[in-house]
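Visitor: What would the 3D arrangement of this be:
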Amino acid sequence: KPGLVVGQVQEVGHPLILAQKNYTVEKTGQSFPYGALESAEKVADIVEEWTLLHNPTKIIIEQTNKGKNRYSQKQLEFVHFAVLKRLRSLGFEKQISFIDTSEWRRLLGQHMSKDDKKNNAKVSKAKKTENFHAAKKVAGVRGKITPKHLALRWVKDHYGQDLRMKENDIADAICILAAGAMSTAVFCDGT
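Guide: Below you'll find the predicted structure:
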């Protein structure tokens, strides 16, 4: 589910967001690995369309993280391959940078507050009860605060956009753009 954002770097502050969109790529009926390849090509089609429409001077892609599901991991690597191959054929290879998730979160100061940690402790305690939902209600919490919540909060605080949880990919993309535009950003170099 790619979230794409195009921004323009300003002299002061965070980049100005020019366009944003969340896409859902429908799975094909083909079995693995060919279905994964077709899905990756569909993502590359979307990225190509955006790249040609907006002609970016810099393209920032989030580096993959070690995941729990090896097929999801492989799918993401297929997507990166298809996108890189497509962008190279269009002459955009010099504009591409990869940034680690930990780097963009560090640059934007996205970490759990004391209140977030207290909330999560209450949720954990409620999980140990017989009636989880009732215990959460009594504790006055809705659920665990995750890094996705932090990205949504950051976007609301810095851009005034009140995105919903199902739009967390857009929030992540906005955060990646904002961090990647910072002069102190460290990009992945393959080592």
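Visitor: Following element in sequence after the host helix or strand of Arg105, please.
Guide: Assigned by DSSP states H and E, Arg105 belongs to helix 101-107. As assigned by DSSP H and E, the chain's next helix or strand after helix 101-107 is helix 114-127.
Visitor: In contact with the spatially most central residue of the chain, which residues are there?
Guide: Note on the chain: the residue nearest the mean C-alpha position is Asp172, at 3.4 Å, using CA atoms, centre = their mean. Contacts for Asp172 were tallied using CB atoms under 8 Å, 6 or more residues apart in numbering; they are 3, 62, 148, 151. Any C-beta I mention is one placed from the backbone N, CA and C, and that applies to glycine too.
Visitor: To which secondary structure element is it assigned?
Guide: Assigned by DSSP H and E, Asp172 belongs to helix 168-180.
Visitor: quick one on the thing from earlier: which residues belonging to the helix holding Arg105 are considered buried?
Guide: Buried residues in helix 101-107, counted by 16 or more other CB atoms under 10 Å: 101, 103-105, 107.
Visitor: how about those in CSV, adding distance to Gly143 and pLDDT?
Guide: Converted to CSV, the buried residues of helix 101-107 look like this (distance: CB to CB, whole Å; pLDDT from 0 to 100):
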residue, distance to Gly143, pLDDT
Thr101, 21, 96
Glu103, 27, 97
Trp104, 24, 97
Arg105, 20, 97
Leu107, 27, 97
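Visitor: now these as JSON lines including distance to Lys85?
Guide: Converted to JSON lines, these look like this (distance: CB to CB, whole Å):
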{"residue": "Thr101", "distance to Lys85": "23"}
{"residue": "Glu103", "distance to Lys85": "25"}
{"residue": "Trp104", "distance to Lys85": "24"}
{"residue": "Arg105", "distance to Lys85": "28"}
{"residue": "Leu107", "distance to Lys85": "29"}
